[in-house]
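Asks: Let's see this in three dimensions:
(chains A and B)
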Amino acid sequence: MYRTHTCGELRLSHIGQQVTLAGWVQRVRRMGGMIFVDLRDRFGITQLVFNQETNADLCAQANELGREFVIQVQAEVAERSNKNKHIPTGEIELLVSTMRVLNTSETPPFTIEDNTDGGDDLRMKYRYLDLRRNTVRENMILRHKVAFETRRYLDQMGFLEVETPILIASTPEGARDFVVPSRMNQGQFYALPQSPQLFKQLLMVSGFDKYFQIAKCFRDEDLRADRQPEFTQIDCEMSFVKQEDVLNLFEGMMKHLFRFVKNIDMTDAFPRMTWADAMKYYGSDKPDIRFDMQFVEIKELVSGKNFVVFDEADYVGAICASNCATYTRKQLDELTDFVKRPQIGAKGLVYIRCEADGTFKSSVDKFYTNDDLAKIATACKAEKGDLILILAGATEKTQKALCELRLEMGSRLGLRDKNVFAPLWVIDFPLFQWDEETQRFYAMHHPFTCPNEDDIALLDTNPGKVRATAYDMVINGVELGGGSIRIHESALQKKMFELLGFTPEQAEAQFGFLMSAFKYGAPPHGGLAFGLDRLVSLFAGLDSIRDCIAFPKNNSGRDVMIDAPSVIDNAQLDELGLRIELKKS
RNA sequence: GACUCUAUGGUGUAGUGGCUAACAUACUGGACUGUCGAUCCAGAGAUCGCGGGUUCAAAUCCCGCUAGAGUCGCCA
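Replies: The predicted structure follows:
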């Protein structure tokens, strides 16, 4: 045994005991005749004391210690004369009798402290050192708690955790697959799963009734702060359920997690919003409802006044920012620049200031009378002192831009508090979305999503209007999870494939095993999946999911610590029957 | 595929055409017996990401490249 206690557990009650501790040297404070050493492990920090008068040799030995040395000490627990109220072990210290250096350390490239001096790049390269820091470790502990409480809740609810394979076959729909060459089947490739979707449906056919898995998923697409090439889903599926059953059970799971991980009681039912309303009022299928500022469509009100921009626009939408009438020209210009950035793509921004004296000042005074502006203000429920911001253009694009503007205003006004959590379900997603480029429908969720039974007739007449039994859970504008009730009848599934432009042969080749399985008594079933990384980063108040992943990849999908991906040698390529031909860039 | 931003001692920053490139921290040596972000003194440490150009003069301006961060496209 290297130790009898951890560095976080000794208290006044241990005084007089002989203990052995092991850990890392956090800091050495040399006082001349005395040396204080902070000894650190995952559990905390304990102060060691060396005194020249008591043991000069040992004190000389302690004088040689450097940052991050790994040492073991035998010592007596003593009460401190000067107590440190800032740390849990601050009332005691260890009078060291023997010390052994288990390992020395080079000076770390950045300081292992809460406020490290290291930049992001360097911390990623030395991630194993970064993980020694409290802040990073706490994120990992939080992640552990979320995973643990997820298992506890789902186990209580009768779910079985089942592992599904990582080496599977490529499918054409959805994201780009990561592929793995097969040595034993030359010229053929496995794909890594984008999710365990098909397997969890097969488990329902197998009668498992309630399945879950905390599963690694892989998508070969460009990355973002909230997107990694490999990520973790809490993947769930249930038999003999309708949408309502799924929503209730997983709303329960989220409340359980808030209760036991964040110590927050969410008693109210999560609001539900149709996809159509989410788009209409927030311009997004993942609205941040921590604050209001809903869209108001004012096309009718502003047309026919010779303002050509509004007259020619398909859509004119407004939001009302409370108490912002005092915005200066500079601030309004900033907002205009914000919406005109190529990523947002609005042509311009129209504002109406609702002045304190009841008059209006706008950038389109030339075209609108005070009465006209008053009508707009009424429609927007604007009061004296408010600022109305208006965007116009093609419907979808403008809604999207207005959504960004709304979020920007929410941030500026401090309405997006990380400690406030506003969950909701977005329901009634469309089953299909039309793709102009390829001139065909794509499944908005995936091809196994069951249409809303009220809309089945529309499948033949107007597929674009068919609603799906699909749902997303959204918290604070983050899509945390989503799912659907699945098709469990071969006939309907066949029809879906037809509508998606699959020939029967293609459908058979890609999903034949699922179609076959459905011939042997598939139960009605449905489920969903949550993004564990996003959930943890939301709980931790992080801006990037990287900070809650032990060993994440960078923007371009590289692991800068182990330097992956990397080239492989020719012998390996030969074995696989592969030859490299680099694309000329 | 596109856009924006960034790159200066080990580390984090300052330096917007003209000095010996500044500061903090970490590091090394010294002083110090109650520190706990110890303090004090001294020291070492940078061809300013790479390549080219403009200029009497470039860390600074221009072009290209590389790397990183964020975003759009993409992500059923």
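
Asks: Correct me if wrong, but residue A:108 is in a strand.
Replies: No. Assessed with DSSP: H, G, I helix; E, B strand; the rest coil, residue A:108 is coil; it does not lie in a strand.

Asks: Just list the residues touching it, thanks.
Replies: Contact analysis of residue A:108 by CB atoms under 8 Å, 6 or more residues apart in numbering lists A:67-68, A:126, A:129. Backbone N, C-alpha and C define where each C-beta goes, glycine included.

Asks: does the residue lying closest to residue A:49 once chain neighbours are set aside sit in a helix or strand, and which one?
Replies: Spatial nearest neighbour of residue A:49, chain neighbours left out: residue A:93 (5.2 Å); criterion: CB to CB, 6 or more residues apart in numbering. According to DSSP states H and E, residue A:93 maps onto strand A:92-103.

Asks: likewise residue A:76?
Replies: Here residue A:76 is assigned to strand A:70-79, by DSSP H and E.

Asks: now do residue A:392
Replies: strand A:387-393.

Asks: With residue A:471 instead?
Replies: Per DSSP H and E, residue A:471 falls inside strand A:470-475.

Asks: ok, back up a step: got the contact list for the residue nearest to residue A:49?
Replies: Neighbour list for residue A:93: A:36, A:46-49, A:77-78, A:80 [criterion: CB under 8 Å, 6+ apart].

Asks: which of these count as buried?
Replies: In the contacts of residue A:93, burial by neighbour count holds for A:46-49, A:77, counting by 16 or more other CB atoms under 10 Å.

Asks: now, which of these lie close to RNA strand B?
Replies: A:47, A:49 (CB under 7 Å from any atom of the strand).

Asks: Could you check how many residues crowd around residue A:168?
Replies: Residues within reach of residue A:168, counting by other CB atoms under 10 Å, total 17.

Asks: Now it. Its backbone dihedrals?
Replies: Residue A:168 has phi and psi values of phi -130, psi -170 when expressed as degrees, to the nearest 10.

Asks: Pull the contacting residues for the residue of the stretch 451-585 of chain A found nearest RNA strand B.
Replies: For the stretch 451-585 of chain A and RNA strand B, the shortest gap (CB to the nearest atom of the strand) falls at residue A:555, measuring 2.5 Å. By CB under 8 Å, 6+ apart, the contact set of residue A:555 is residue A:223.

Asks: Am I right that it falls within a strand?
Replies: No. Per three-state DSSP, residue A:555 lies outside any strand segment and is coil.

Asks: can you pull the pLDDT of it?
Replies: Each residue has a pLDDT score; the one for residue A:555 is 88.

Asks: roughly how far apart are it and residue A:128?
Replies: Shown here: residue A:555 relative to residue A:128, a distance of 21 Å by CB to CB, to the nearest Å.

Asks: just residue A:461 next, same as before
Replies: 60 Å.

Asks: Please apply the same query to residue A:239.
Replies: 43 Å.

Asks: Pick out whichever of those two has more residues nearby.
Replies: Each of residue A:239 and residue A:128 has its neighbours counted (other CB under 10 Å); residue A:239 has more, 20 against 10.

Asks: tell me the phi and psi of the more buried one?
Replies: Main-chain dihedrals, residue A:239, degrees, to the nearest 10: phi -100, psi 160.

Asks: Equivalent analysis for residue A:326, please.
Replies: Torsion angles at residue A:326 (phi, psi; degrees, to the nearest 10) stand at phi -80, psi 0.

Asks: With residue A:520 instead?
Replies: Dihedral angles for residue A:520 - degrees, to the nearest 10 - are phi -110, psi 40.

Asks: cool, residue A:10 as well?
Replies: Main-chain torsions, residue A:10, degrees, to the nearest 10: phi -80, psi 140.

Asks: Tell me the residues of the stretch 51-200 of chain A that contact RNA strand B?
Replies: With CB under 7 Å from any atom of the strand as the criterion, the stretch 51-200 of chain A comes near RNA strand B at residues A:51-53, A:66-67, A:80-84, A:86-87, A:90, A:93, A:107, A:109-111, A:117-122, A:124, A:173-176, A:194-195, A:197.

Asks: Helices along the stretch 201-350 of chain A, start to end?
Replies: Ranges of helices within the stretch 201-350 of chain A are A:243-261, A:275-282, A:299-302, A:308-312, A:329-340, based on DSSP state H, counting those that start in this stretch.

Asks: ok, and what's touching the shortest one?
Replies: Right, the one you point to is helix A:299-302. Around helix A:299-302, the neighbours that count as contacts under CB under 8 Å, 6+ apart are A:310, A:313-316, A:368, A:372, A:375-376, A:379, A:390.

Asks: Next, the buried residues of that helix.
Replies: A:301-302.

Asks: so how far is that helix from its chain's centroid?
Replies: Relative to its chain's centre, helix A:299-302 lies at 38 Å (CA atoms, centre = their mean, to the nearest Å).

Asks: which residues does residue A:20 contact?
Replies: Counting by CB under 8 Å, 6+ apart, residue A:20 has contacts A:1-5, A:72-75.

Asks: could you redo the last one with a cut-off of 6 Å?
Replies: A:3-4, A:74 (CB atoms under 6 Å, 6 or more residues apart in numbering).

Asks: Tell me if I am right that it is in a helix.
Replies: No. Applying three-state DSSP, one finds residue A:20 to be strand, outside a helix.

Asks: quick one on the thing from earlier: can you list the residues that contact the helix or strand that the strand holding residue A:471 is followed by?
Replies: Under the assignment DSSP H and E, the closest C-terminal helix or strand after strand A:470-475 is strand A:478-485. Applying CB under 6 Å, 6+ apart, the contact partners of strand A:478-485 are A:243, A:286, A:445, A:449-450, A:469-470, A:472-473, A:526-530, A:534-535, A:538.

Asks: List the buried residues in the helix or strand just after strand A:478-485.
Replies: Counting by DSSP H and E, the next helix or strand C-terminal to strand A:478-485 is helix A:490-499. Going by neighbour count (16+ other CB under 10 Å), the buried part of helix A:490-499 is A:493-497, A:499.

Asks: CA atoms only for helix A:490-499, dumped as CSV, please.
Replies: Coordinates of each C-alpha in helix A:490-499 appear next as CSV, following Å, rounded to 0.1, in the frame of the first residue of the first chain:
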residue,chain,number,x,y,z
SER,A,490,-43.0,-3.7,-43.9
ALA,A,491,-45.6,-2.2,-46.2
LEU,A,492,-45.3,1.4,-44.8
GLN,A,493,-41.5,1.1,-44.7
LYS,A,494,-41.5,0.1,-48.4
LYS,A,495,-43.5,3.1,-49.2
MET,A,496,-41.1,5.4,-47.3
PHE,A,497,-38.2,4.0,-49.3
GLU,A,498,-40.1,4.6,-52.5
LEU,A,499,-40.8,8.2,-51.5
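
Asks: So is the helix or strand that it is followed by next to RNA strand B?
Replies: Following the chain from helix A:490-499 toward its C-terminal end, the next helix or strand by DSSP H and E is helix A:504-517. No. Judged by CB under 7 Å from any atom of the strand, helix A:504-517 stays clear of RNA strand B, getting no closer than 10.7 Å.

Asks: contacting residues for residue A:132?
Replies: Listed by CB under 6 Å, 6+ apart, the contact partners of residue A:132 are residue A:112.

Asks: can I assume residue A:363 is in contact with residue A:353?
Replies: No. If you go by CB atoms under 6 Å, residue A:363 and residue A:353 don't touch, sitting 9.4 Å apart.

Asks: Could you list the buried residues of stretch A:166-180?
Replies: Those would be A:168, A:171, A:177-178, for stretch A:166-180 by 16+ other CB under 10 Å.

Asks: Where is pLDDT lowest across these?
Replies: Lowest pLDDT within the buried residues of stretch A:166-180 is found at residue A:171 (82).
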